[in-house]
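Colleague: After the sequence you'll find the predicted model.
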Amino acid sequence: MIKKAAIVIAFFCFAIAAEAQQIPILKMADVVKNFSNKNDTVYVINFWATFCKPCVAEIPGFIKITDKYKNQKVKLLLVSLDLPSFYPKKIASFAAKNNFKTNIAWLDETDADYFCPMIDEKWSGAIPATIIVNTKKGYKKFFEAELNGEEFEMELKKAMEEVKKDAAVNKFISPMNDAKIIEHNKKVMDADFLSYGVTFKAKDSTVYSINEGVVGNCLIFENSQVVIIEQQGFSYFYNNLKNTLVKNGDIVKKDQVIGFAATEFNESLYTLNFNLFKRSKQFQITKDDFVMRSSNSKDHSFDPVNEPE
């Protein structure tokens, strides 16, 4: 007899036509264990029943769209909440009739107060309901509603963006000319988290924007300024600026000069500290994410005597 755990793994490895497959019986703990694996797969778990018209309406779109992205590690599982009398023949027959050629399982649970919070604390037990999970990046979103194809694909793309290292952080051009790049993992004051970022030191104080975006904030501290540029969910923090050339709401182009770095302590080099966030989560970037900016660029540094006001 095949062990239940083996069946759970198997139906995420390949899809079999509904009329040909044996529909496994799962407990909710099995379902949760499946999408809790630490890997870069996006799991789509849809809870449905043969008697649920909105469920039946959305499933073809789910199958079509997940098939479209199957080469990008997207897996779909339809978990039936039908009555025990429907298992397995009526569920399999219904799936075959409606051409549900994907992974299907039947949930062997009766206490909604027990199994619903295992998926989401706010789940009332109503269907259709869907959870999309990417455990590796901490992405988890629950929907207690019918999703049309456009809505589902949009949400799936959001989850898929978390799977891979976004193109925006593949390779940046350094924000300073001929800069020495230093990685730093600094504990923030008395907080329990580290600030992951990079520091640039250069003879030229000019600071360039490494990507296009909109200035979300310009902050002034005791002896320095910070410019935050927002772009498609990313927040680029340029710290330790002596002067800035942008203001809140400005549209900034890639490679645009946004300000001039200050020096630190008794150093002769200008210093810029840089951090990157996405959706309020900090990215751990390294010096390998940057390439050198050409020294052929004009030195825009201030005259130390005649700096502008």
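Modeller: Structure received. It should be emphasised that the depicted structure is a prediction, and the values quoted were computed from it without experimental measurement.
Colleague: What pLDDT is listed against residue 210?
Modeller: The model reports residue 210 with a pLDDT of 92.
Colleague: how about the helices in the stretch 51-200 of the chain?
Modeller: 53-68, 89-97, 112-119, 149-163 (DSSP state H, counting those that start in this stretch).
Colleague: could the ones you listed be laid out in CSV, adding mean pLDDT, distance to residue 244 and mean neighbour count?
Modeller: (C-beta placed from N, C-alpha, C; glycine too.) CSV is the format used below for those (pLDDT from 0 to 100; distance: least, C-beta to C-beta, whole Å; neighbours: other C-beta atoms under 10 Å):
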stretch, mean pLDDT, distance to residue 244, mean neighbour count
helix 53-68, 96, 44, 17
helix 89-97, 95, 60, 16
helix 112-119, 95, 47, 15
helix 149-163, 82, 30, 16
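Colleague: Nearest to residue 252, out of those?
Modeller: helix 149-163 (22.3 Å; C-beta to C-beta).
Colleague: Please compute how far the closest one lies from its chain's middle.
Modeller: Here the centre of helix 149-163 is set off from its chain's centre by 10 Å, with C-alpha atoms, centre = their mean, to the nearest Å.
Colleague: And the contacts of that helix?
Modeller: 40-42, 44, 58, 61-62, 64-66, 69, 72-74, 130, 132-134, 136-139, 141, 143, 147 (C-beta atoms under 8 Å, 6 or more residues apart in numbering).
Colleague: before we move on, the earlier item: export the helices of the stretch 51-200 of the chain as TSV, with columns for distance to residue 255.
Modeller: Output for the helices of the stretch 51-200 of the chain, formatted as TSV (distance: least, C-beta to C-beta, whole Å):
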stretch	distance to residue 255
helix 53-68	36
helix 89-97	54
helix 112-119	46
helix 149-163	25
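Colleague: To residue 103, which of the ones you listed lies closest?
Modeller: The nearest among those, by C-beta to C-beta, is helix 53-68 at 9.8 Å.
Colleague: what packs against that closest one?
Modeller: strand 42-48, strand 74-80, helix 149-163 (3 or more C-beta pairs under 8 Å, 6 or more residues apart in numbering; DSSP states H and E).
Colleague: Find me the pLDDT at residue 237, would you?
Modeller: For residue 237, the predicted pLDDT is 93.
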